[in-house]
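> Got a predicted structure plus its sequence, pasted below:
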Amino acid sequence: MFRYAPASHAPLTLADLRIALFNYLASRREGARFLLCFEEPGHESEVLEALGLCGIVGEGVHYRRDNLRIHQHMAVKLLQERKAFACFCDPERLAERRQEAELAGRHYYYDGGCERLSDAEVLDNPNPFTVRLRRPDTPVTVEDELRGIRRVAPEEMDCVVIMERDKRASKPFAEAVDDMLLDVSLIVAPLEEMEAAATQEHIRHALGYDRGVRYVHIEPGEGESEVTVRSLFEVGFLPEALIRYLLATGYDKENTFHSIEEAAKAFLVKKISPRAEKFDASFLRRLNQEEIARMDAKELSRVFGFADSAVGEIAKAFLPWCETLEELKPRVAAVFGPKPLNDADVYRLSRLVASAGQTDSFARLCDYLIQKTGLEEEALHGPLRRLLTGQDEGPELETLYPHLRSYLKEIIK
């Protein structure tokens, strides 16, 4: 079993998408199930939509909230076995101590103030409490596929909160228990969660779960965590380009995968890079340009409100000047929009093109216009370009004309 658990209430970033992608590809490679895990319903629609557009679809959605009773039962079990204890410490005091430690450049650890309370003292205390897990007696082992085996000494572990004051499981405890119940075998996660991995391994061992979870901790590329997937979609990047980019900058620079299906067949966890490359917008734009060129022309035309491969080919002809769908939209709109008929040469050509009808070839149309206007071919092309495309630069008109021909009446209006 594999899973991806995005951060609650946060937009999906490019760094997040890489984590989701690698978990998904690893599951496909091993023929295992893949789930998407959320804290609770209500905040997952945008993430699910973005992942779905990229082809990352789970066999189901798991909400940790649904396992609340199990989480509580497990916490009670740890309390009964003296592996956990009730903590009545004031949250504000704990926050002050944490801040003091940070200001002094020290790692904060709980000082164990409530760890030695007797049963009577616990029962007589009317105040709300959290439940904390005691430190392990022996080192905790974390198996990372890229970074090797890491052993964390007991004194480096904290007495982590496993149940909050409102009797809901803490995030580390809920994730550890649910991964145990789901029998998750490998987790690709951000490097910043390496410490949390040791905590979750300790939780599962305390609960008697001996099957270790393997990890792959990767460091995001500089700048990736500030780029949201939604913002990339909004400016016209294709999902296929994002997938290619993430694989090229965090897996295999020389890969030629153009789809998740291709990548899944060859994906190897050991080839994941421990650290992704710095975000490279120009590289992503180039890949996006290539993916637009690979699109079915009719499907591409739908972006501009058509369902005609000819319009898709017109759009592709402008790709040397554009790298995103949003950059293409004004180019295509100019072709079908109003023309500068206040320009005498453009107006004259519009009348002649209308009278010429759908001439079979661009060369014949030019011969006809030269004959009627007396203009040299070089002088003809400027106003003719403005008439046919509404722009002063662009692809060769000879290349465009076969796709424009059936729309001439609409274009020269």
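Noted; the coordinates are in hand.
> In this structure Ile370 contacts Glu378, no?
No - counting by Cβ atoms under 8 Å, Ile370 stays clear of Glu378, with 10.6 Å between them. For every residue, glycine as well, the C-beta is placed using N, CA and C.
> Which one's more surrounded, those two?
The residue with more neighbours, out of Ile370 and Glu378 and counting by other Cβ atoms under 10 Å, is Ile370; that gives 14 against 7.
> dump the residue contacts of that one.
By Cβ atoms under 8 Å, 6 or more residues apart in numbering, the contact list for Ile370 reads Glu376, Glu377, Leu380.
> And for Ala281?
So Ala281 contacts nothing (Cβ under 8 Å, 6+ apart).
> which of the contacts of Ile370 tops the neighbour count?
Most crowded among the contacts of Ile370, counting by other Cβ under 10 Å, is Leu380 at 18 neighbours.
> Would it be right to say that that one lies in a strand?
No - when DSSP: H, G, I helix; E, B strand; the rest coil is applied, Leu380 is found to be helix, with no strand at that position.
> Check the gap between it and Leu397 for me.
As defined by Cβ to Cβ, to the nearest Å, Leu380 lies at a distance of 10 Å from Leu397.
> Repeat that for Lys316.
15 Å.
> Check Ala10 too.
To Leu397, Ala10 is 49 Å away according to Cβ to Cβ.
> if you count what's nearby, which of the two comes out ahead?
With neighbours defined as other Cβ under 10 Å, Ala10 and Leu397 compare such that Leu397 has more, 19 against 11.
> Tell me how far that one lies from Phe362.
6 Å.
> Asp367: how many residues sit nearby?
By other Cβ under 10 Å, 13 other residues sit near Asp367.
> now Arg211
9.
> Determine the three-state secondary structure at it.
Strictly by three-state DSSP, Arg211 counts as coil.
> what's near enough to touch it?
Per Cβ under 8 Å, 6+ apart, neighbours of Arg211: Asp183.
> and it, what pLDDT?
For Arg211, the pLDDT comes out at 87.
> Also Ser8?
Listed pLDDT for Ser8 reads 67.
> swap in the one 5 residues further on?
At Thr13, the model reports a pLDDT of 96.
> just checking, it touches Gly223?
No - if you go by Cβ under 8 Å, Thr13 and Gly223 don't touch, sitting 10.1 Å apart.
> When those two are compared, which one has more neighbours?
The residue with more neighbours, out of Thr13 and Gly223, is Thr13; 21 against 13, by other Cβ under 10 Å.
> so what's the backbone phi/psi at the more buried one?
Here is the backbone geometry of Thr13 (degrees, to the nearest 10): phi -100, psi 170.
> What distance do you get for it to Tyr251?
Separation of Thr13 from Tyr251 (Cβ to Cβ) stands at 18 Å.
> again, but for Glu313
33 Å.
> How about Phe279, nearest residue that isn't a chain neighbour?
The shortest distance from Phe279 to any non-neighbouring residue, by Cβ to Cβ, 6 or more residues apart in numbering, is to Gly223 (3.6 Å).
> give the contact list for Ala264.
Contact analysis of Ala264 by Cβ under 8 Å, 6+ apart lists Leu25, Arg28, Arg29.
> got the contact list for the second one?
Residues in contact with Arg28, defined by Cβ under 8 Å, 6+ apart, are Phe34, Ile260, Ala264, Phe267.
> Tell me the pLDDT of it.
Here the pLDDT value assigned to Arg28 is 94.
> Reduced to three states, what does it come out as?
helix.
> Can you pull out the low-pLDDT segments for the stretch 1-150 of the chain?
8 (pLDDT under 70).
> And the strands in it?
Counting by DSSP state E, counting those that start in this stretch, the segments of the stretch 1-150 of the chain that form strands are 2-4, 34-38, 60-63, 84-87, 130-133, 140-144, 148-152.
> helices and strands around the first one, which ones?
On a contact count with 3 or more Cβ pairs under 8 Å, 6 or more residues apart in numbering; DSSP states H and E, strand 2-4 meets helix 14-30, strand 34-38, strand 186-190.
> Can you say which of these is packed in most?
helix 14-30 (a mean of 23; mean count of other Cβ atoms under 10 Å).
> To what extent is Leu68 buried, counted in neighbours?
Applying other Cβ under 10 Å, we find 15 residues neighbouring Leu68.
> residue contacts, it?
Going by Cβ under 8 Å, 6+ apart, Leu68 touches Arg168, Ala169.
> Ala293 too?
By Cβ under 8 Å, 6+ apart, the contact set of Ala293 is Lys316, Leu319.
> and the gap between it and Leu400?
Following Cβ to Cβ, the distance that separates Ala293 from Leu400 is 16 Å.
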